[in-house]
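Student: Predicted structure and sequence below. I'll ask about it afterward.
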Amino acid sequence: MKSINQPAGVSSVINQIEAVGDSQQLPELLSVASTIKLSKTKQYLITFLILICNLTQFISMFSTVAGGYELSKILGKPVGPGQANWMAAAYSLTQSALVLISGRLGAVYGHQKLLLLGGVIIVTFSIANAFCNTYNSFIAIRALTGVGGGILMPNAVATLTIMVPPGKVRNFTLAIFAASPPVGAGIGSLMIGAFLEYSEWKWHFISVASLGAICFSGLFFVLPPEQPADKSGKIDCIGIITGLGGLVLFSLAWNQAPVDGWETPYVIAMLITSVVLMVIFFFWESKWADEPIMPPSIFRGKSFKALTVVVLFIYMAVGITLWYMVAWQQLIRGWSVLNVAVGWIPYGLGASCAVILAAWLIPRLEAQWILAIGCLTSLTATILLATMPEQQSYWAQIFPSTVFGSFCPDFVYVAAQVIASSSVGKKEQGPAASLIGTLNLYGNSLGLGFTGTIETNIVKSHAGEALGFRSALWFGAGLSAIALLMDLTMVRMEKEDKEGWESNETELE
């Protein structure tokens, strides 16, 4: 189906923009997207506000990674083995699930409307977090805040690329957008650390909500009128229910098991239900869906199945590394949240540089080797943490681990999007990019569920807290090693002689 009021061939690029859950999609894939003509002043204002809005959600997201253990104690939750993992996992779980489908919703109902809806959700539930007095209510609200983040991200990318004409300004804008996670991590951890040490934690979430309210309100008044790209399009409701339900329940079961135990009936029930839902999802998408959100044809692409496993495993390892770095520094070495945040500054700086370096490497080095570098930096960072003694200077192993780890996410994401784009046809570009973006965020949540179970069982055997953390980190290192091996042996990006799409791919069905 062609997009309304779009030239032939443009709608495929718009579909890809809509599907992407991260701003690091390659600029050349966006270069033919149509744009809305605006004055330079208004264009710059809208761009600035969208960038700050996206930064705001990552400030919120990472504040409960850096401050998760301390917030858990304040809210009356034990910080023993696997008990506080939801602080880091809740937001990224719902965020990843919504990224899978919110771009399509934006195509039908309007990207700007979905962008503003995401903002309303983030602001509303950030305020609600400030008034939570129990751990369970806090986690539930964090998960609802993540819904806003998942709605915001792909629609923010689509809005930017439609309004900013192709060229250096657009590429620079996307590079800044891509730096939002590491910059947000740095700012968010410093903010929550400062509020915990010098004031009250509630003011952090009120501050985040206030910043979001200002930026999203500004967008409401300056965004131009919008015509949805596919106003008459259909929404795959059954695919959404079964796909999102399966993803959420699977991660929910793994993250809750360390708390209540695998012998708890409802944990087993959630796991079984999640598998059933995912089976129904794949059958529905392959046989009956008119406009599937995840067409099975994408998995027939060369290297694509192996690529999805590599991306999932690496982002599981990334989430594990960051969370257990915090755990080690706070619970074993007695660091404050603010001290941990200061120690994370090299991570934000390194990751911001990695965005630029990865983009520079793309035309100079085959993508599977860039992916391999990302896997290797993750493996190195995790091994450095897993082998360190209980007490040690920050500079000995934490600092180099932080620097190595900072290069992994962006190298992996950029390379994975390039390989995914080359592995599937024109009509599968959007779903393929969407899946990579979803696995990116979903891995952060799922990995903590697996390591929570490992940590809990190790500590229950009276082996000690440090060994529990170390075992979790070795599991993360194993994931990185498997991902690296799969990349080297199974992932390839073939060099192609053709320019553009094949003749049978010039139109969308």
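Tutor: Okay, I see it.
Student: Show me how far the lengthiest helix in the chain is from its chain's centre.
Tutor: In the chain, with assignment by DSSP state H, the single longest helix is helix 429-460. From the chain centre to the centre of helix 429-460 is a distance of 10 Å (Cα atoms, centre = their mean, to the nearest Å).
Student: does Leu271 really touch Ser251, like I thought?
Tutor: No - look at Leu271 against Ser251 with Cβ atoms under 8 Å: they stay out of range, at 10.3 Å. Every residue, glycine included, has its C-beta placed from N, CA and C.
Student: and those two? which has more neighbours close in?
Tutor: Using other Cβ atoms under 10 Å, the more surrounded residue of Leu271 and Ser251 is Ser251, with 27 against 18.
Student: what's the spacing between that one and Trp262?
Tutor: 15 Å (Cβ to Cβ, to the nearest Å).
Student: now Lys40
Tutor: Lys40 is 59 Å from Trp262, by Cβ to Cβ.
Student: of these two, who's got more company?
Tutor: Using other Cβ under 10 Å, the more surrounded residue of Lys40 and Trp262 is Trp262, with 15 against 8.
Student: For that one, what is the enclosing helix or strand?
Tutor: Assigned by DSSP states H and E, Trp262 belongs to no helix or strand.
Student: List the backbone torsions phi and psi for Trp335.
Tutor: Here is the backbone geometry of Trp335 (degrees, to the nearest 10): phi -70, psi 150.
Student: Tell me, how many residues neighbour the spatially closest residue to it that is not a sequence neighbour?
Tutor: Nearest non-adjacent residue to Trp335, counting by Cβ to Cβ, 6 or more residues apart in numbering: Gln329, 4.2 Å away. Neighbours of Gln329 under the rule other Cβ under 10 Å: 21.
Student: how far away is Gln329 from Ala358?
Tutor: From Gln329 to Ala358 the distance is 28 Å (Cβ to Cβ).
Student: Could you list the domains of the chain?
Tutor: As given by automatic domain parsing, the domain ranges for the chain are 10-224+291-492, 236-290.
Student: Now the last one: average pLDDT?
Tutor: To tie it back to what came earlier, the one meant is domain 236-290. Across domain 236-290, the average pLDDT comes to 94.
Student: Over to it now: how far is its first residue from its last?
Tutor: 8 Å (Cα to Cα, to the nearest Å).
Student: ok now it, how far from the chain's centre?
Tutor: The answer for domain 236-290 is 19 Å, by Cα atoms, centre = their mean.
Student: what stretches of the protein score poorly on pLDDT?
Tutor: 1-36, 494-509 (pLDDT under 70).
Student: Show me the residue at the heart of it, geometrically.
Tutor: What sits nearest the mean C-alpha location of the chain, by Cα atoms, centre = their mean, is Leu441, with 2.9 Å.
Student: Quick check: it touching Tyr315?
Tutor: Yes - between Leu441 and Tyr315 there is a contact under Cβ under 8 Å: 7.5 Å.
Student: in the longest helix of the chain, what's buried?
Tutor: 429-459 (16 or more other Cβ atoms under 10 Å).
Student: Next: stretch 250-270.
Tutor: So, applying 16+ other Cβ under 10 Å, buried residues of stretch 250-270: Phe250, Ser251, Leu252, Ala253, Trp254, Asn255, Gln256, Ala257, Pro258, Val259, Val267, Met270.
Student: excluding its backbone neighbours, what's nearest the first one?
Tutor: The shortest distance from Phe250 to any residue other than its chain neighbours is 3.8 Å, reached at Ser274 (Cβ to Cβ, 6+ apart).
Student: measure the one you found to Ser96 for me?
Tutor: 14 Å.
Student: who's more crowded, those two?
Tutor: For Ser274 versus Ser96, the count of surrounding residues by other Cβ under 10 Å is larger for Ser96: 29 against 20.
Student: Can you get me the start-to-end distance on stretch 258-274?
Tutor: Here the two ends of stretch 258-274 are set 18 Å apart, with distance taken as Cα to Cα.
Student: residues making contact with that stretch?
Tutor: With contact meaning Cβ atoms under 8 Å, 6 or more residues apart in numbering, stretch 258-274 is reached by 81-83, 85, 245-250, 252-254, 256-257, 449, 452-453, 455-456.
Student: Now with 10 Å, please.
Tutor: With Cβ atoms under 10 Å, 6 or more residues apart in numbering as the test, stretch 258-274 has contacts from 77-78, 80-86, 245-257, 448-457.
Student: isn't Ile454 right next to Pro81, touching?
Tutor: Yes - Ile454 lies in contact with Pro81 (Cβ atoms under 10 Å); the separation is 9.1 Å.
Student: what touches both of these two?
Tutor: Residues touching both Ile454 and Pro81 by Cβ under 10 Å, 6+ apart: Pro258, Gly468, Phe469, Ala472.
Student: Closest to Ala354 out of the residues you listed?
Tutor: Nearest to Ala354 among the shared contacts of Ile454 and Pro81 is Ala472, at 24.6 Å by Cβ to Cβ.
Student: Surely that closest one and Glu455 touch.
Tutor: Yes - Ala472 lies in contact with Glu455 (Cβ under 10 Å); the separation is 4.9 Å.
Student: list residues touching both of these two?
Tutor: Residues within reach of Ala472 and of Glu455 at once, by Cβ under 10 Å, 6+ apart, are Pro81, Gly82, Tyr324, Ala327, Leu448.
Student: can you pull the contacts of the first one?
Tutor: Read that as Pro81. Counting by Cβ under 10 Å, 6+ apart, Pro81 has contacts 258-259, 451-460, 465, 468-469, 472.
Student: Pull out the buried positions in the helix or strand harbouring Val414.
Tutor: With elements taken from DSSP H and E, the one containing Val414 is helix 398-423. For helix 398-423, a neighbour-count test (16+ other Cβ under 10 Å) marks 398, 401-423 as buried.
Student: Could you tell me the angle between that helix and helix 429-460?
Tutor: Inter-element angle recorded for helix 398-423 and helix 429-460: 150 degrees (by axes from the mean of the first three to the mean of the last three Cα atoms, to 10 degrees).
Student: Run the chain-centre distance for helix 398-423.
Tutor: 13 Å.
Student: and that helix, what does it pack onto?
Tutor: Here helix 398-423 touches helix 168-178, helix 180-198, helix 304-327, helix 337-343, helix 345-361, helix 367-386, helix 429-460, helix 465-490, going by 3 or more Cβ pairs under 10 Å, 6 or more residues apart in numbering; DSSP states H and E.
Student: which residues does the residue nearest to Pro400 when sequence neighbours are not counted contact?
Tutor: Leaving out its chain neighbours, the residue that sits closest to Pro400 by Cβ to Cβ, 6+ apart is Leu384, at 5.9 Å. Residues in contact with Leu384 (Cβ under 10 Å, 6+ apart) are 321, 325, 396-405, 473, 477.
Student: try Met388
Tutor: Trp328, Ala396, Gln397, Ile398, Ser401, Ala466, Arg470, Leu473.
Student: now those: which count as buried?
Tutor: For those, a burial check counting by 16+ other Cβ under 10 Å picks out Trp328, Gln397, Ile398, Ser401, Ala466, Arg470, Leu473.
Student: between these, which is closest to Leu116?
Tutor: Nearest member of these to Leu116, counting by Cβ to Cβ, is Ser401, at 39.3 Å.
Student: And that closest one, how close does it get to Gln329?
Tutor: 11 Å.
Student: do Arg142 as well
Tutor: Distance of Arg142 to Gln329, given as Cβ to Cβ: 22 Å.
Student: for Pro81, same thing?
Tutor: Distance, Pro81 to Gln329, by Cβ to Cβ: 17 Å.
Student: likewise Leu116?
Tutor: 38 Å.
Student: I appreciate the help and will end here.
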